[in-house]
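Student: Dropping the sequence and predicted coords here.
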Amino acid sequence: MVSKIDNAFSFQQQALGLRAYRQQVLADNIANADTPNFKARDVDFASALKDAVGARNGASLPLATTAARHLPGVAAAGPAPLLYRGLAQASVDGNSVDMDLERAQFADNALRYEAGLTFLSGRIKTLTAAIQG
Amino acid sequence: MSLFNVFNIAGSALTAQGTRLNTVASNLANADSVAGPDGKPYRAKQVVFEALLANGQPGQGVRVRQVIEDSSPGRLVYDPRSPAADDKGYVMMPNVSVVDEMVNMISASRSYQTNADVMNTAKQLLMKTLTLGQ
């Protein structure tokens, strides 16, 4: 039963974790907007989420079990790979941070994080209603 | 928790931009200082930023690697009455470019504002997260 509740939350949990991680990467880009030779980085959210959910379902690295009574286990996905952002406009000091883009992505990511929180809240409310009747 | 790291990252940027604003203030205040403690004209100072990077992980913000002295020559002003004038009547003034410093100041204060905004957003997200499920 507990694992069922865990399963009900796991997707949104993975998504929120990734959103928070991406928020950190974007904050780092904004912090280094004036650093020479700094290259802006970002996470490919869709594929990172697919990896994280896939790892949880045992698609990538399942624990080898040699007896029927061994407990199954799966390795958690590693941190999402960081990719370099394509350059829209070159700058003289070798910095590839586009402030408008970073600000927009930062606001977008924050909004989606809040959306994820709302979905998770809704799911918690649904389960609470089911438990309490 | 990644969102707490946002505070460290934006905080490091606030410190770095604050240092940059400090050097701008120092340069502007000394734009006409013909003699410092060593008897030579003031030289403009500039900060050098450096990204704090860890391999394969998101960066940890930015820091000021060093404060360098601008090596460009100072401007010569003809003022034979000044005590600092040489035998031809010229005074060596500091190499501070006031226009450059004003541009630097605007850029630094905008960056400071942006990073303060980033901190605010992270705080809002954390507060929302704390009320999850209530």
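Tutor: Now that the structure is in, tell me what you want to look at.

Student: Wondering if the lengthiest helix in chain A reaches chain B at all.
Tutor: Of all the segments assigned as helix in chain A under DSSP state H, the longest by residue count is helix A:99-132. Yes: looking at helix A:99-132 against chain B by C-beta under 8 Å from any C-beta of the partner chain, the contacts come from A:99, A:103, A:106-107, A:110, A:113-114, A:117, A:120-121, A:124. Backbone N, C-alpha and C define where each C-beta goes, glycine included.

Student: from those, which would you call buried?
Tutor: A:103, A:106, A:110, A:113, A:117, A:120-121, A:124 (16 or more other C-beta atoms under 10 Å in any protein chain shown).

Student: For the residue in chain A that chain B sits nearest to, which non-adjacent residue is closest in space?
Tutor: The minimum distance from chain A to chain B, using C-beta to the nearest C-beta, falls at residue A:31 (3.5 Å). For residue A:31, ignoring the flanking residues on the chain, the nearest one in space by C-beta to C-beta, 6 or more residues apart in numbering or on different chains is residue B:13 at 3.5 Å.

Student: wait, that neighbour sits on residue A:29?
Tutor: No: judged on C-beta atoms under 8 Å, residue B:13 makes no contact with residue A:29 at a distance of 10.5 Å.

Student: Wait, a strand at residue B:91?
Tutor: Yes: with the criterion set as DSSP: H, G, I helix; E, B strand; the rest coil, the secondary structure at residue B:91 is a strand.

Student: For the buried ones among the residues of helix A:99-132 next to chain B, give me TSV that also has pLDDT and distance to residue A:82.
Tutor: Output for those, formatted as TSV (pLDDT from 0 to 100; distance: C-beta to C-beta, whole Å):
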residue	pLDDT	distance to residue A:82
A:103	94	19
A:106	95	16
A:110	95	19
A:113	95	19
A:117	94	24
A:120	93	26
A:121	93	30
A:124	92	32
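
Student: neighbours around residue A:29, how many?
Tutor: Applying other C-beta atoms under 10 Å in any protein chain shown, we find 27 residues neighbouring residue A:29.

Student: From residue A:37, how far out is it?
Tutor: 14 Å (C-beta to C-beta, to the nearest Å).
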